[in-house]
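Engineer: only the shape, not the letters, is given here:
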């Protein structure tokens, strides 16, 4: 494959989708009425950005075949660790921001309070989905990147899928969301140290993320009483 084609593959990875989502999010922040509280405007813009990013990412995942996934793993996703870390940190920060949004309820009109609660629920759901979709991407790219450099594809990928030699993004979404919901692996076995470390990070992050969601949910319910 020529250098131009390799460069083309690199250019169409996570960064353009992330940059587009950030741009639309900033535009939404400018267009949202300035009469609203700053935290409300920021979370509105955040939800617009992550919803667009998730749509673009999931659309690409649905259309991808195992052949395309191998090419993505080999030529794409440069700088993925920085993007991955930044977006995960932003998702966690957005959940913590809900506490500040719901902290001061005195003197707030009922319709604004309902907006705050709705916005909080949207932020929790969107951030939770974002985290596990990003981990699914990371599992998929690591799996196929490792397979491209080894003879034993079944073992080298780092994950052992029962009755599946060429897993697609749905398989990695399944693996990621199971860890996200239970903080443990299911019927898919991890077979490499790198994948075990990634699954460990994912499980620990999921535990604290789910704990934060529970705390925020109690806060939301309390605001309605």
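Structural biologist: Yep, it's here. Everything numeric in this text was worked out from a predicted model, so none of it was measured.
Engineer: can you tell me the closest non-neighbouring residue to residue 124?
Structural biologist: Nearest residue to residue 124, sequence neighbours excluded (Cβ to Cβ, 6 or more residues apart in numbering): residue 213, at 5.5 Å. Heads up, the C-betas are built off the backbone N, CA and C, glycines and all.
Engineer: burial of that neighbour, as a residue count?
Structural biologist: Per other Cβ atoms under 10 Å, the neighbour tally for residue 213 reads 16.
Engineer: need the contact list for it.
Structural biologist: Contact partners of residue 213, counting by Cβ atoms under 8 Å, 6 or more residues apart in numbering, are 95, 124, 128.
Engineer: so which of those residues sit within helices?
Structural biologist: Secondary structure from DSSP state H places 95, 124, 128 of the contacts of residue 213 in helices.
Engineer: wait, which of those is closest to residue 62?
Structural biologist: Ranked by distance to residue 62 (Cβ to Cβ), the ones in helices among the contacts of residue 213 are led by residue 128 at 20.0 Å.
Engineer: so where do the helices sit in the chain?
Structural biologist: Using DSSP H, helices in the chain cover 3-11, 14-31, 38-63, 66-75, 80-103, 110-147, 153-156, 169-182, 193-224.
Engineer: tell me the mean pLDDT over the third one?
Structural biologist: Within the predicted structure, the mean pLDDT of helix 38-63 is 88.
Engineer: what's the closest non-adjacent residue to residue 21?
Structural biologist: residue 53 (3.9 Å).
Engineer: give me the neighbour count for that neighbour.
Structural biologist: With other Cβ under 10 Å as criterion, residue 53 counts 24.
Engineer: nice, that's everything, thank you.
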